[in-house]
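Asks: For reference, the sequence and a predicted model appear below.
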Amino acid sequence: MKIFSAHQIYQADKSTIQKEQIKSEELMERAATQLFEWMHSRLRGTQVNVKLFCGIGNNGGDGMVLARKLHKHDYSIKVYVVNYSEKRSEDFLLNLERLKDSKVWPDFINEESDLPEISPNDIIVDAIFGIGLNRAPDDWVGNLIEHINDSRAFTLSVDVPSGLPVDSCHWKPSYVIRASYVLSFQLPKLVFFLPETGVYVNQWEILDIGLDQEFIAKTETDYELIGRPEVLPLYRPRLKFSHKGTYGHAVIIGGSYGKIGAVQLASNACLSVGSGLVTAFVPKCGYDSLQTAVPEVMVLTGSRERSISEIAIPFKASVVGIGMGMGMEDDTVSAFGSFLKECTKPMVIDADGLNILSQNPQMLNDVPELSVLTPHPKELERLIGYWTSDFEKLEKAKAFAAKHNLVVVIKGAHTITIYNGKGYVNTTGNPGMATAGSGDVLTGMITGLMAQGYSSVKSAIFGVYLHGLAGDLGVSSIGYEALKASLIIENIGNAYSELFRQPEIEQKEKPNG
Ligand SMILES: NC(=O)C1=CN([C@@H]2O[C@H](COP(=O)(O)OP(=O)(O)OC[C@H]3O[C@@H](n4cnc5c(N)ncnc54)[C@H](O)[C@@H]3O)[C@@H](O)[C@H]2O)[C@@H](O)CC1
Ligand SMILES: Nc1ncnc2c1ncn2[C@@H]1O[C@H](COP(=O)(O)OP(=O)(O)O)[C@@H](O)[C@H]1O
Ligand SMILES: [K+]
């Protein structure tokens, strides 16, 4: 699903209004009707106190329409207009009048007003700011937002949590609504998925307000949300008359004394995702344990006992995944540098491979184009330098990837794959995956997909998605805390199956036989 910038959403709005020959107030009515129906289908007339905090722009206008509809259906409501500016939008004013016509009189809150009482049992509708936020709220509005957050009442945000910037603008973390639930119009917003801003969004859902589909389809976006519909077309079915050679021979290079497990996890994951053959290259100390732990993986060793001091692969590998647990001994660094010079095919570089590149940036020139780098945030910072916001991080990562023609996988709760100026935001995975070795598993999976002939960027997007899905299936049986990286590997097969599982409704509708 595409992720639009605020500017693109305004354009989609405009295009819809023009094409359907409707007034903007009708689009607002449509959006707010969706909000109302969402609430009404859940509350079913329950007598709770709904307190609506509405700004003076169109987000506030949505709140006005919602209030009118809730009142019409006999809900107990109280409406507050957060009067932060004189520049009220036309549709806000129109719907303020309509609300008054239906005999609801909002309280106007300004700098001088006392903070309204909120009980933890109230339901708050947050319609103060939407995608129009262009600077941090004034202190008195910020104090009101803090007051709402402190109330611990269930808070339903309209479109976005108020105070959260949709695109890069100045904002203040304490002046953002901590939304229990966000009902966002038509398309998801990038900030829902970034570590700094995503924490304000507990759960979110998209409401289809019928924006111009043709406009949405033809608009190029900087970011895309990757879910099942996006990854299914990437899948390449296994062929009946194929053999193990069809699916490539991957080589996983890494490990050092005490860190052979990283290679074991990566090579096991590489096999489980479908690579035809996998060879691991490790220092001598890793030989016995690897052969015992994963008999399907072939093992080559260097001449040193505890670390890699030279890399020699006596056959043509389809793809190499390198770096996990490898260490940064001087010999290892020079072996890695020489190996990069010899390689021309895209590879996957992780962990110490990335750290070596950070310390020896001239080596970046030898990294084959279209290689996949899989940094976690600390490794990324070593590569691209410090950033002051997630927006800046993404821009720097895009510039870095473009400069070297690489795919950069920024790992995190929502891993983002960067390639060719675009970011692909993953939707699978869970906090149980914040555990030792889960990154090694990902590297193995991406390498294994490349071995089978998937392109670098498709391997990264698909691998990240499957990895998260395998983690989600893993925690479903044992919970977050107990998830170990090896259980992610065990669930790779289930993750593939899950991709093709029919939703239950469709299954029920299938004719018998
Ligand atoms: N296609 C859509 O997505 C639709 C959007 N609508 C609503 O319209 C909203 C956007 O409305 P607006 O553009 O009026 O913007 P907002 O309602 O988000 O903000 C109101 C105005 O306040 C000003 N402002 C920004 N930051 C401020 C600050 N810190 N202090 C004081 N003033 C500030 C801005 O000039 C802005 O236009 C969306 O979030 C959504 O709720 C719906 O009504 C209809 C359809
Ligand atoms: N909170 C989380 N939610 C979803 N996925 C997560 C979370 N924390 C970590 N992960 C995933 O787990 C992996 C961790 O990788 P990494 O930090 O390199 O671990 P390691 O070095 O131990 O292998 C990444 O793929 C990351 O996206
Ligand atoms: K809002």
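Replies: Now that the structure is in, tell me what you want to look at. Ligands and ions are numbered 1, 2, ... in the order given.

Asks: distance between the longest helix belonging to the chain and the chain's centre?
Replies: Identified as the longest helix of the chain according to DSSP state H is helix 456-478. Centre-to-centre, helix 456-478 and its host chain are 12 Å apart (CA atoms, centre = their mean, to the nearest Å).

Asks: for stretch 127-145, same thing?
Replies: Counting by CA atoms, centre = their mean, stretch 127-145 comes out at 25 Å from the chain centroid.

Asks: Check which residues of the longest helix of the chain are buried.
Replies: Neighbour counts over helix 456-478 (16 or more other CB atoms under 10 Å) mark 456-475 as buried. The way it works is simple: take the backbone N, C-alpha and C, and place the C-beta from them, glycine included.

Asks: cool, and stretch 211-223?
Replies: Using 16+ other CB under 10 Å as the test for burial, stretch 211-223 gives Leu211, Asp212, Phe215, Ile216, Thr221, Asp222, Tyr223.

Asks: That one - what's its average pLDDT?
Replies: Averaged across stretch 211-223, pLDDT comes to 97.

Asks: which stretches of the stretch 351-500 of the chain have low pLDDT?
Replies: For the stretch 351-500 of the chain, no stretch has pLDDT under 70.

Asks: which residues touch the residue of it found nearest ligand 2?
Replies: Nearest to ligand 2, among the residues of the stretch 351-500 of the chain, is Gly439, at 2.1 Å (CB to the nearest ligand atom). Gly439 sits next to Met324, Asp350, Ala351, Thr374, His376, Lys411 when contact means CB atoms under 8 Å, 6 or more residues apart in numbering.

Asks: how about the strand or helix carrying it: buried residues?
Replies: Assigned by DSSP states H and E, Gly439 belongs to helix 438-451. Within helix 438-451, the residues scored as buried using 16+ other CB under 10 Å are 438-451.

Asks: and if you look at stretch 393-406?
Replies: Using 16+ other CB under 10 Å as the test for burial, stretch 393-406 gives Lys393, Leu394, Lys396, Ala397, Lys398, Phe400, Ala401, His404, Leu406.

Asks: could you dump those to TSV with distance to ligand 3?
Replies: Formatted as TSV, the buried residues of stretch 393-406 follow (distance: CB to the ion, whole Å):
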residue	distance to ligand 3
Lys393	25
Leu394	23
Lys396	29
Ala397	29
Lys398	29
Phe400	34
Ala401	33
His404	40
Leu406	38
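
Asks: Just those residues: which are in helices?
Replies: Using DSSP H, these in helices are Lys393, Leu394, Lys396, Ala397, Lys398, Phe400, Ala401, His404.

Asks: Can you name the residues that contact the third one?
Replies: Shown here is Lys396, whose contacts under the criterion CB under 8 Å, 6+ apart are Ile384, Gly385, Trp387.

Asks: Then the last one?
Replies: Contacts for His404 were tallied using CB under 8 Å, 6+ apart; they are Leu364, Asn365, Val367, Glu369.

Asks: Now, the residues you listed that are in helices?
Replies: Per DSSP H, those never map to helices.

Asks: Take those and, keeping just the buried ones, write it as a ChimeraX select command.
Replies: Per 16+ other CB under 10 Å, the buried members of the contacts of His404 correspond to this ChimeraX selection:
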select :364,367
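
Asks: need the contacts of His404 in JSON lines with distance to Lys2, can you?
Replies: Formatted as JSON lines, these follow (distance: CB to CB, whole Å):
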{"residue": "Leu364", "distance to Lys2": "31"}
{"residue": "Asn365", "distance to Lys2": "35"}
{"residue": "Val367", "distance to Lys2": "30"}
{"residue": "Glu369", "distance to Lys2": "27"}
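
Asks: For ligand 2, what's the nearest residue on the stretch 151-300 of the chain?
Replies: Nearest residue of the stretch 151-300 of the chain to ligand 2: Ala262, at 7.1 Å (CB to the nearest ligand atom).

Asks: Helix or strand for that residue, just tell me which one.
Replies: Under the criterion of DSSP H and E, Ala262 resides in helix 261-272.

Asks: quick check: angle from that helix to helix 438-451?
Replies: 40 degrees (axes from the mean of the first three to the mean of the last three CA atoms, to 10 degrees).

Asks: Against Lys259, how distant is Ala266?
Replies: Applying CB to CB, to the nearest Å, the value for Ala266 to Lys259 is 11 Å.

Asks: no wait, Arg42
Replies: In this view, Arg42 and Lys259 are 50 Å apart by CB to CB.

Asks: Among those two, which residue is more densely surrounded?
Replies: Lys259 (22 against 10; other CB atoms under 10 Å).

Asks: give me every residue that touches that one.
Replies: Contacts of Lys259 (CB under 8 Å, 6+ apart): Met324, Gly325, Met326, Gly327.

Asks: so which of the residues you listed is the most crowded?
Replies: For those, the largest neighbour count, defined by other CB under 10 Å, is 32 neighbours, found at Met324.

Asks: Tell me the secondary structure at the most centrally placed residue in the chain.
Replies: Geometric centre of the chain, nearest residue: His414, 3.0 Å, by CA atoms, centre = their mean. Judged by DSSP: H, G, I helix; E, B strand; the rest coil, the three-state class of His414 is coil.

Asks: In contact with it, which residues?
Replies: If you count contacts by CB under 8 Å, 6+ apart, His414 has them with Phe193, Leu194, Gly198, Val425, Asn426, Thr427, Gly429.

Asks: which residues are in contact with the strand or helix carrying Glu146?
Replies: Element membership for Glu146, per DSSP H and E: helix 139-151. Helix 139-151 is contacted by residues 53, 82, 84, 109-111, 115, 118-120, 122, 124, 126, 128, 136-137, 155, 162-163, 172, 174-178 when judged by CB under 8 Å, 6+ apart.

Asks: Kind regards, and thank you for your time.
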